[in-house]
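Student: Fold the following.
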Amino acid sequence: MAIVQIGGKRLTVEDVVAVARGGQSVDLASTAAEAIEASAASLETLLLAGRSVYGVTTGVGALDNQTAQLTANAAQQRSLLRSHAAGVGKPMPVDQVRAMLLVRAHALAAGFSGVSLRVVQTLAQMLNSGITPWVPRSGSVGTSDVVPMAHAGLVMIGEGRASIDGRWMDGGLAMERAGLTVIDLEGRDGLALMNGLAQSVGIGALAVNDARCLVRLTEMTTAMSTVAVGALFSSVEERSVSAKGDEHTSASAAVIRSFLEGAQGADDGDRDSGARIREHLSTRTAHHVCGAARDAVGHGQETVHRELNAVVDNPMIARDGWMTNNASNGDGTHLAQAMDLLADSVTTLAVSSERRTARLLDPSHNGGLPAFLVHPEAAARTGSVPSGLMIAQYTAAALVAEMRMRSVPASVQSIPTGANTEDYVSMCPLAARRALWAAAQARTVLAIELLCACQALDVRRLPPPPRLQAAYDAVRARLPVMIEDRPPGADIESVVSVMEELEEA
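Tutor: Residues are numbered from 1 along each chain as shown. Prediction:
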């Protein structure tokens, strides 16, 4: 994979995933280095001219009417990192921290922050050296993610905590072991490090990636369940779907149709007299649910791409000497609303999936399959009454219930902060975290459906359609057909791993 350039081009979701999860190296573009140095020189000129610069010659937040002496500048920038490192809770996972560091480095490379070049260079070196600062998950309200980035910034000055090679240690020791030099702060380095929406946008990029993969997995799993339960295929036929006039629904229907090609299934003419001629809505409308999720993913991706490449700081200081102390680009309302929509769409995918699982297990609705997909040989082998996959649906129901419980939007949760100086905040980090969490939950719900669909195919002695053979084989490579009862929890976890592998394929 090519090295991801900071400041050289527009970052994408794929770039963030490559650095955050793939360990891809980064490099600072030469043009970005020039822009950073020019902005820093502008800051110095403004200070020499006696201009008031927020966070440099003043305090911050509700203290912005108090004067800070330039002779104490380095101490103030260190103090800002220390005082703002107020996060609590478990540390952010490594991929989320790496995403956050990349996003902030790229924003600083735009050359509007007056930050020292060594700050951005050190962020890049930390990514390339595998240093992961200890950053508690909670604390940001989305009017710049100052809390998490303050924790990350402490490591750069030899404080805080960080891990290297999976071992936690003092931040200064981690920098030393990676062969990196801790930095002295000047100008507005501390404040510039903390500003921006790096936590929210980084997590948002991962959420968009995971939700995008999840839509495809849902389309695949829906097709497997459709065949396994002996359902009609006609709901996804092109003429019917195109009448809706929605491109995303049509795209999902086309994918499901492609997975169904060559399947030994039913069409409208195959049903016996007296049989139902319509399918349950969890099957019949699956392409609409997936289409809506595609729409949400597209909106989320567009919003994240914009935020990934936005100039987000205050004050903003251009190379030509222009400056404002009153910028508001650190607001995350757009991102919060996009992430709320994404989380709700992902939740709906899980809701629909759980209903298909329930149908597969219910002898009143599963097209003649045994109750709970108990294998025909099970009773003879054990002499007992097997439960089969009965309780797997309980797990899906519990996961869906928790997703519903957490479906309150974050974007309407503003609580004034900073003595009412920041009397509106977007809460976008909460929205981004919920979207990423929802995608992980939904993946498990889908894994349960796929587990049941594969069992149903085996009970029917029905091969999967050609384009689903690889997914079926991947499940069976890890799990044999369930004949005698065994713990479904371990099976579910195994299929989750299969899902993750299919995402990467």
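Student: C-alpha from now on. contacts and neighbour counts both.
Tutor: Will do.
Student: List the buried residues in the helix or strand of the chain with the lowest mean pLDDT.
Tutor: Confidence across the helices and strands of the chain bottoms out at helix 378-382, with a mean of 83, counting by mean pLDDT, DSSP states H and E. Across helix 378-382, burial judged by 16 or more other CA atoms under 10 Å covers Ala378.
Student: Show me how far that helix is from its chain's centre.
Tutor: In terms of CA atoms, centre = their mean, to the nearest Å, the gap separating the centre of helix 378-382 from the centre of its chain is 44 Å.
Student: and if you look at stretch 438-448?
Tutor: When C-alpha coordinates are averaged (CA atoms, centre = their mean), stretch 438-448 and its chain have centres 13 Å apart.
Student: Could you export the least confident helix or strand of the chain as PDB, CA atoms only?
Tutor: Taking Å, rounded to 0.1, in the frame of the first residue of the first chain, the C-alpha atoms of helix 378-382 are listed here in PDB:
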ATOM      1  CA  ALA A 378     -30.000 -35.400  16.800                       C
ATOM      2  CA  ALA A 379     -32.700 -37.200  18.800                       C
ATOM      3  CA  ALA A 380     -31.500 -40.600  17.600                       C
ATOM      4  CA  ARG A 381     -28.000 -39.900  18.700                       C
ATOM      5  CA  THR A 382     -28.700 -38.600  22.100                       C
END
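Student: For it, which outside residues touch it?
Tutor: 385-386, 483-485 (CA atoms under 8 Å, 6 or more residues apart in numbering).
Student: Just the buried residues of these.
Tutor: By neighbour count, with 16+ other CA under 10 Å, the contacts of helix 378-382 hold 386, 483-484 as buried.
Student: got TSV for those residues, with secondary structure too?
Tutor: Formatted as TSV, the buried ones among the contacts of helix 378-382 follow (DSSP: H, G, I helix; E, B strand; the rest coil):
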residue	secondary structure
Pro386	coil
Ile483	coil
Glu484	coil
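Student: just to revisit the earlier point, list the buried residues of the next helix or strand after the least confident helix or strand of the chain.
Tutor: Downstream of helix 378-382, the next assigned helix or strand under DSSP states H and E is helix 390-405. Along helix 390-405, the positions that meet the burial threshold by neighbour count (16+ other CA under 10 Å) are 390, 392-393, 395-397, 399-400, 403-404.
Student: if we can go back for a sec, let me have the buried ones among the contacts of helix 378-382 in a markdown table, extended by distance to Gly245 and pLDDT.
Tutor: Rendered in a markdown table, the data for the buried ones among the contacts of helix 378-382 read as follows (distance: CA to CA, whole Å; pLDDT from 0 to 100):
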| residue | distance to Gly245 | pLDDT |
| --- | --- | --- |
| Pro386 | 47 | 92 |
| Ile483 | 45 | 95 |
| Glu484 | 48 | 94 |
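Student: Could I get the full set of strands for the stretch 101-250 of the chain?
Tutor: Counting by DSSP state E, counting those that start in this stretch, the segments of the stretch 101-250 of the chain that form strands are 132-133, 136-138, 161-164, 167-170.
Student: Averaged pLDDT, the last one. What do you get?
Tutor: This points to strand 167-170. In this model, strand 167-170 carries a mean pLDDT of 97.
Student: Name the residues of that strand that come out as buried.
Tutor: By neighbour count, and taking 16+ other CA under 10 Å as the criterion, the buried residues in strand 167-170 are 168-170.
Student: Ala286 against Met220, yeah?
Tutor: No: in this structure Ala286 lies outside contact range of Met220 using CA atoms under 8 Å: 10.8 Å.
Student: Can you give me the domain assignment for the chain?
Tutor: Domain assignment for the chain, taken from automatic domain parsing, gives 4-196, 205-504.
Student: now the shortest one: how far from the chain's centre is it?
Tutor: When distances are taken as CA atoms, centre = their mean, domain 4-196 is centred 22 Å away from the chain's centroid.
Student: got it, and the last one?
Tutor: Taking the mean of its C-alpha atoms, domain 205-504 sits 14 Å from the chain's own mean (CA atoms, centre = their mean).
Student: heads up, I number from 286, so please use that
Tutor: All right, first residue 286 from here; so that's domain 490-789.
Student: check contacts around Ala720.
Tutor: Contacts were defined as CA under 8 Å, 6+ apart; by that measure Ala720 touches 489, 492, 624-625, 627-629, 631.
Student: hmm, back to that, can you say which two of the contacts of helix 663-667 are spatially most distant?
Tutor: The distance between the two most remote of the contacts of helix 663-667 (CA to CA) is 12.0 Å, for Val670 and Ile768.
Student: before we move on, the earlier item: would you turn the strands of the stretch 386-535 of the chain into CSV with distance to Ala738?
Tutor: As requested, the strands of the stretch 386-535 of the chain are exported to CSV (distance: least, CA to CA, whole Å):
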stretch, distance to Ala738
strand 417-418, 40
strand 421-423, 37
strand 446-449, 42
strand 452-455, 41
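Student: For Thr330, which of those is the nearest?
Tutor: Of all the strands of the stretch 386-535 of the chain, it is strand 417-418 that lies closest to Thr330, at 33.4 Å by CA to CA.
Student: mind listing what that closest one pairs with, with the direction of each?
Tutor: When pairing is defined by DSSP bridges, strand 417-418 lines up against strand 446-449 (antiparallel).
Student: you'd agree Asp616 is up against Gly427?
Tutor: Yes: using CA under 8 Å, Asp616 and Gly427 qualify as a contacting pair, with a distance of 6.7 Å.
Student: ok so, going back, tell me the one among the contacts of helix 663-667 nearest to Gly464.
Tutor: In terms of CA to CA, no member of those lies closer to Gly464 than Asp770, at 54.2 Å.
Student: what's near enough to touch that closest one?
Tutor: Neighbouring residues of Asp770 by CA under 8 Å, 6+ apart: 663, 671-673.
Student: what about it, which helix or strand?
Tutor: Using DSSP H and E, Asp770 falls outside every helix and strand.
Student: Quick check on it: phi, psi?
Tutor: Backbone torsions for Asp770, taken as degrees, to the nearest 10, come to phi -60, psi 140.
Student: Show me the residue at the heart of this protein, geometrically.
Tutor: Taking CA atoms, centre = their mean, the centroid of the chain lies closest to Ala492, which sits 1.7 Å from it.
Student: for the chain, what are the low-confidence residue spans?
Tutor: Applying pLDDT under 70 to the chain picks out residues 286, 550-560.
Student: Could you pick out the longest helix of it?
Tutor: In terms of residue count, the longest helix belonging to the chain (DSSP state H) is helix 713-745.
Student: quick one on the thing from earlier: quick check: neighbours shared by Asp616 and Gly427?
Tutor: Common contact partners of Asp616 and Gly427 (CA under 8 Å, 6+ apart): 482, 710-711.
Student: export those to CSV and tack on distance to Val636 and neighbour count?
Tutor: Compiled in CSV, those are given as follows (distance: CA to CA, whole Å; neighbours: other CA atoms under 10 Å):
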residue, distance to Val636, neighbour count
Leu482, 31, 32
Val710, 31, 22
Ser711, 28, 26
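Student: can you redo those residues as CSV with distance to Leu348?
Tutor: As requested, the shared contacts of Asp616 and Gly427 are arranged in CSV below (distance: CA to CA, whole Å):
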residue, distance to Leu348
Leu482, 22
Val710, 18
Ser711, 22
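Student: Narrow those residues to those in helices?
Tutor: The members of the shared contacts of Asp616 and Gly427 all map outside helices under DSSP H.
Student: coming back round to it: may I have whichever helix or strand comes after the longest helix of the chain as CSV, with CA atoms only?
Tutor: Along the chain past helix 713-745, the next helix or strand (assigned with DSSP H and E) turns out to be helix 754-763. Taking C-alpha atoms only, helix 754-763 is exported to CSV below (Å, rounded to 0.1, in the frame of the first residue of the first chain):
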residue,chain,number,x,y,z
GLN,A,754,-20.7,-20.9,-1.8
ALA,A,755,-17.5,-19.2,-0.5
ALA,A,756,-19.4,-17.7,2.5
TYR,A,757,-21.0,-21.0,3.3
ASP,A,758,-17.6,-22.8,3.0
ALA,A,759,-16.0,-20.2,5.3
VAL,A,760,-18.5,-20.9,8.0
ARG,A,761,-18.2,-24.7,7.6
ALA,A,762,-14.4,-24.5,7.6
ARG,A,763,-14.8,-23.3,11.2
